[in-house]
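A.B. asks: sequence plus predicted model, see below.
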Amino acid sequence: MTLAPEIAAVVGELDFDPEALHARYLAERDKRLRTDGVDQYVEVTAEFSHYVDDPYVEPGFTRAPVFDHVEFAIIGGGFGGLLMGARLREAGFDRIRVVESAGDFGGTWYWNRYPGAMCDVESYCYLPLLEELGYIPKHKYSFAPEILEHSRAIARHYRLYDDALLQTSITGLEWDETAKRWIVATSRGDRFTARYVAMACGPLSKPKLPGIPGINDFAGRTFHTSRWDYRYTGGDPSGGLTGLSDKRVGIIGTGATAVQCVPHLGQWARELFVFQRTPSSVDVRNNAETDPAWTASLTPGWQRRRQDNFNILVAGGDQDEDLVHDGWTDIFRNVTGTAAKQIAAKLGRRLTGAERAEVMALADYRKMNQVRARVDRLIHDPETAAKLKPWYRQFCKRPCFHDEYLQTFNRPNVHLIDTDGRGVDRLTERGVVANGREHQLDCLIFATGFEVGTSYTRRAGYDIVGRGGLTLSEHWADGLRTLHGLTSHGFPNCFFLGFTQTAITISVPQALNEQANHVAYMVSQARDRGLAVLEPTAKAEEGYVQEVRSLARMGQRFYQECTPGYYNSEGATGNRSGFFSDMYGGGPLRFFELLAEWRDAGDLPGIELSRA
Ligand code: NDP
């Protein structure tokens with residue numbers, strides 16, 4: 001890396017060798033690249049389906065099937081579905097039915113109740129509808145039970161329980177062209193119709209397991225982190241896992257979930273074995289209780305202002321003040337395009353593309369050096385410290401923030417079993433084999449994440465049959481095809497919320513809120529103009545698909561150099577169903593503007609308008 005002298009002068013002296021770091025990153029990536037990509041995981045169906053049973057409901061729930069008609073069916077009761085329901089209620093829609101496979105609202109916060117579960121995005125931004133509900137979170141970073149309770153409060157506030165079908169999964173969704181309605185079939189024998197449907201299924205909703213030999217052989221207790229078995233471990237999401245005090249516990253995976261629950265396992269298990277393939281980047285958390293004086297100082301509109309401030313900063317925009325001021329805004333300020341912008345300002349000229357890339361890489365090396373130095377500061381044993389250091393760029397994997405995770409490895413009862421990028425070898429009846437050695441266990445916990453990189457309909461668990469029998473899996477066989485990520489040609493009155501060719505922010509619910517507002521606008525317009533059907537034209541859809549594809553190219557280059565993980569489809573960056581492969585690459589601020597400009601146009605451009 002040879003920087004122009006004027007840039008080198010602004011960047012300052014480097015206390016590291018960028019070439020050596022780059023080479024190390026590539027070597028760590030190469031060690032982990034494998035030919036089976038996302039196929040290394042097994043789908044949690046058939047003999048694995050018990051891994052997704054709901055441990056939080058009483059067994060034996062029954063109810064009579066429904067055969068009625070609603071205005072709006074929302075599939076999924078997480079934040080996407082809740083925000084959709086809220087915005088529709090505000091727009092005056094009456095019959096809104098949320099269908100949810102879980103026993104309650106909450107989505108990811110319903111399922112993820114593992115000890116220590118919390119949200120690492122600031123609660124005052126992340127928890128939606130705080131002003132509408134008159135609620136202030138207890139901490140800067142909320143713990144999962146509070147977020148779950150807030151989800152329920154939203155459902156109560158907007159009367160979403162009234163028509164909800166909980167513990168109910170969709171089995172069929174088919175457009176009836178004659179009646180201009182969707183026919184919805186479910187696992188509980190329901191068959192009802194809906195004028196509109198909104199898919200709010202979430203991007204990380206289906207647990208995955210490693211497809212290693214002997215995966216079903218282990219005879220001890222085993223479960224996935226998103227279905228925590230408190231009957232076995234004792235305790236609750238705040239800890240107190242007394243059932244583990246005489247147990248040898250293993251956990252596979254060291255991602256954002258493991259980072260939060262390992263400290264509790266380390267505290268309570270007789271012995272804990274953490275099986276690591278790739279270490280996470282773990283920076284400072286600094287959680288704090290909400291200051292009542294700060295709460296008292298808030299004025300109406302405060303949440304939106306704070307969310308905008310956060311989103312602008314983490315999208316590379318400028319703000320006079322950083323209201324959230326945390327690890328997220330810090331890395332975005334110092335590592336992303338913002339860093340390059342600051343250098344350009346100091347130079348008084350624009351940077352070339354190559355200069356920009358170099359400056360950002362240097363900022364990234366610096367940041368990751370700090371993260372690695374933190375490991376050295378906190379871990380007593382140098383060998384263990386070396387194994388806990390991440391060797392990749394900050395956004396190759398999800399950055400983590402935690403103040404107790406790393407220190408857990410100083411405990412004498414906690415053993416880090418690093419596999420040098422290979423992963424565990426296999427399971428036996430007695431435990432886990434890693435690096436050729438068997439570790440006997442009483443309990444094995446899979447912190448192995450969620451299915452990503454497979455098709456949308458496989459993750460949803462059903463196909464959608466649109467006009468003329470066209471299925472969504474056919475229509476999206478070569479990648480997503482939408483207008484603004486929200487509607488698709490051939491699927492009238494059907495809306496997709498989430499990560500489908502949209503732009504997402506770090507505070508995901510705010511992106512979902514933008515989408516929900518947009519959909520509520522569209523259906524309100526249809527109602528006011530007497531339109532029976534909303535559907536994008538094939539031309540408008542094609543135009544948007546091309547725009548998304550042309551914007552996506554730069555991100556792909558970045559992820560090619562990354563260690564494998566779900567961000568880059570386990571190294572297969574060309575995967576059309578990958579997590580980021582079909583996002584709107586212009587960034588969230590431009591995307592939200594795009595939606596606003598479309599609404600401002602006033603005549604629903606690109607939508608086929610057919611009257612009732
Ligand atoms: P991840 O997919 O991030 O992590 C899975 C882990 O399992 C990785 O460490 C992976 O290693 C490991 N793994 C997979 N297969 C094997 C194997 N064969 N042997 C050993 N290890 C293996 O899942 P998480 O549940 O941790 O997190 C998922 C996402 O959920 C996060 O990225 C985040 O978006 C969200 N989340 C958000 C939180 C928040 O605070 N807002 C908190 C928790 C989760 P490798 O890295 O090598 O693939």
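C.D. replies: Structure's in. What do you need? Bear in mind the structure is a predicted one, so any value in this text is a computation, not a measurement.

A.B. asks: near the nearest residue to L204 once chain neighbours are set aside, how many other residues are there?
C.D. replies: Computed as C-beta to C-beta, 6 or more residues apart in numbering, the closest residue to L204 that is not its neighbour in sequence is F450, at 3.9 Å. Every residue, glycine included, has its C-beta placed from N, CA and C. Residues lying near F450 (other C-beta atoms under 10 Å) number 22.

A.B. asks: surely F450 and K206 touch.
C.D. replies: Yes - if you go by C-beta atoms under 8 Å, F450 and K206 touch, sitting 5.8 Å apart.

A.B. asks: pLDDT below threshold where in this structure?
C.D. replies: 1, 553-555, 611-612 (pLDDT under 70).

A.B. asks: get me the contact residues on the stretch 501-612 of the chain for the ligand.
C.D. replies: G565, Y566 (C-beta under 6 Å from any ligand atom).

A.B. asks: which residues of the stretch 501-612 of the chain fall in strands?
C.D. replies: 531-536, 607-611 (DSSP state E, counting those that start in this stretch).

A.B. asks: on that earlier part again, residues contacting the residue nearest to L204?
C.D. replies: Residues in contact with F450, defined by C-beta atoms under 8 Å, 6 or more residues apart in numbering, are L204, S205, K206, P207, K208, S226, Y566.

A.B. asks: isn't the fourth one up against H224?
C.D. replies: Yes - under the criterion of C-beta under 8 Å, P207 lies in contact with H224, with a separation of 4.4 Å.

A.B. asks: which neighbours do those two share?
C.D. replies: Common neighbours of P207 and H224 (C-beta under 8 Å, 6+ apart) are V44, Y51, V52, F446, T448.

A.B. asks: for V414, give me phi and psi.
C.D. replies: Main-chain dihedrals, V414, degrees, to the nearest 10: phi -110, psi 130.

A.B. asks: isn't there a helix covering T338?
C.D. replies: Yes - assessed with DSSP: H, G, I helix; E, B strand; the rest coil, T338 lies in a helix.

A.B. asks: so which elements touch the helix or strand containing M368?
C.D. replies: M368 is part of helix 353-378, with elements assigned from DSSP states H and E. Judged by 3 or more C-beta pairs under 8 Å, 6 or more residues apart in numbering; DSSP states H and E, the packing partners of helix 353-378 are helix 5-11, helix 18-32, strand 282-283, helix 327-335, helix 337-347, helix 382-387.

A.B. asks: one more time with 6 Å
C.D. replies: Judged by 3 or more C-beta pairs under 6 Å, 6 or more residues apart in numbering; DSSP states H and E, the packing partners of helix 353-378 are helix 327-335, helix 337-347.

A.B. asks: would you format these as TSV with mean neighbour count and distance to F310 included?
C.D. replies: Below are the helices and strands packed on helix 353-378 laid out as TSV (neighbours: other C-beta atoms under 10 Å; distance: least, C-beta to C-beta, whole Å):
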stretch	mean neighbour count	distance to F310
helix 327-335	20	7
helix 337-347	17	13
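
A.B. asks: contact residues of the stretch 351-500 of the chain facing the ligand?
C.D. replies: Checking the stretch 351-500 of the chain against the ligand by C-beta under 6 Å from any ligand atom, the hits are R398, G423, V424, A447, T448, G449, F450.

A.B. asks: from those residues, which land in strands?
C.D. replies: Per DSSP state E, strands hold no members of those.

A.B. asks: pull out the buried positions in stretch 11-27.
C.D. replies: V11, P18, L21, Y25 (16 or more other C-beta atoms under 10 Å).

A.B. asks: adding distance to G301, write those residues out as TSV.
C.D. replies: Below are these laid out as TSV (distance: C-beta to C-beta, whole Å):
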residue	distance to G301
V11	40
P18	44
L21	44
Y25	44
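
A.B. asks: which one of those residues is nearest G466?
C.D. replies: Nearest to G466 out of the buried residues of stretch 11-27 is Y25 (C-beta to C-beta; 43.9 Å).

A.B. asks: wouldn't the closest one be in contact with Y392 here?
C.D. replies: Yes - using C-beta atoms under 6 Å, Y25 is in contact with Y392, at 5.5 Å.

A.B. asks: pick out the residue of the stretch 301-450 of the chain closest to the ligand.
C.D. replies: For the stretch 301-450 of the chain, the residue closest to the ligand is G449, as judged by C-beta to the nearest ligand atom, at 2.4 Å.

A.B. asks: any idea how far apart the tips of stretch 270-280 sit?
C.D. replies: 24 Å (C-alpha to C-alpha, to the nearest Å).

A.B. asks: kindly report the same for stretch 8-15.
C.D. replies: 13 Å.

A.B. asks: likewise for stretch 446-464?
C.D. replies: End-to-end for stretch 446-464, by C-alpha to C-alpha: 31 Å.

A.B. asks: cool, stretch 104-123 as well?
C.D. replies: 21 Å.

A.B. asks: chain center to that stretch, what's the gap?
C.D. replies: 12 Å (C-alpha atoms, centre = their mean, to the nearest Å).

A.B. asks: that older thread, so which of the buried residues of stretch 11-27 comes closest to the ligand?
C.D. replies: Looking at the buried residues of stretch 11-27 and their distance to the ligand, the nearest is Y25, at 14.3 Å (C-beta to the nearest ligand atom).

A.B. asks: who's in contact with that closest one?
C.D. replies: Y25 makes contacts with W391, Y392, as judged by C-beta atoms under 6 Å, 6 or more residues apart in numbering.

A.B. asks: which parts of the stretch 51-200 of the chain are strands?
C.D. replies: With DSSP E, counting those that start in this stretch as the criterion, the stretch 51-200 of the chain has strands spanning 69-75, 96-99, 170-176, 181-186, 191-199.

A.B. asks: sorry, back to before: single out the most deeply packed of the strands of the stretch 501-612 of the chain.
C.D. replies: A comparison of the strands of the stretch 501-612 of the chain by mean neighbour count, using mean count of other C-beta atoms under 10 Å, puts strand 531-536 on top with a mean of 21.

A.B. asks: could you check the angle that one makes with strand 170-176?
C.D. replies: 110 degrees (axes from the mean of the first three to the mean of the last three C-alpha atoms, to 10 degrees).

A.B. asks: which parts of the stretch 51-200 of the chain sit against the ligand?
C.D. replies: Checking the stretch 51-200 of the chain against the ligand by C-beta under 6 Å from any ligand atom, the hits are M118, C119, D120, V121.

A.B. asks: got CSV for those residues, with neighbour count too?
C.D. replies: Shown next, in CSV, are these (neighbours: other C-beta atoms under 10 Å):
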residue, neighbour count
M118, 20
C119, 24
D120, 22
V121, 24
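
A.B. asks: ok, of those residues, which one's closest to the ligand?
C.D. replies: D120 (3.4 Å).

A.B. asks: contacts only, for that closest one.
C.D. replies: F401 are the contacts of D120 under C-beta under 6 Å, 6+ apart.

A.B. asks: phi and psi next, for it.
C.D. replies: Main-chain dihedrals, D120, degrees, to the nearest 10: phi -90, psi 10.

A.B. asks: if I look at it, how far off is C494?
C.D. replies: 33 Å (C-beta to C-beta, to the nearest Å).

A.B. asks: same question for I312.
C.D. replies: From I312 to C494 the distance is 32 Å (C-beta to C-beta).

A.B. asks: more neighbours: which of these two?
C.D. replies: Per other C-beta under 10 Å, whichever of I312 and C494 has more neighbours is C494, with 23 against 15.

A.B. asks: I figured that one was touching A198, is that so?
C.D. replies: No - checked against C-beta under 6 Å, the pair C494 and A198 is beyond contact range at 7.8 Å.

A.B. asks: which elements pack onto whatever helix or strand N311 lives in?
C.D. replies: Element membership for N311 (DSSP H and E) is helix 302-314. Counting contacts by 3+ C-beta pairs under 6 Å, 6+ apart, helix 302-314 packs against helix 123-126, helix 327-335.
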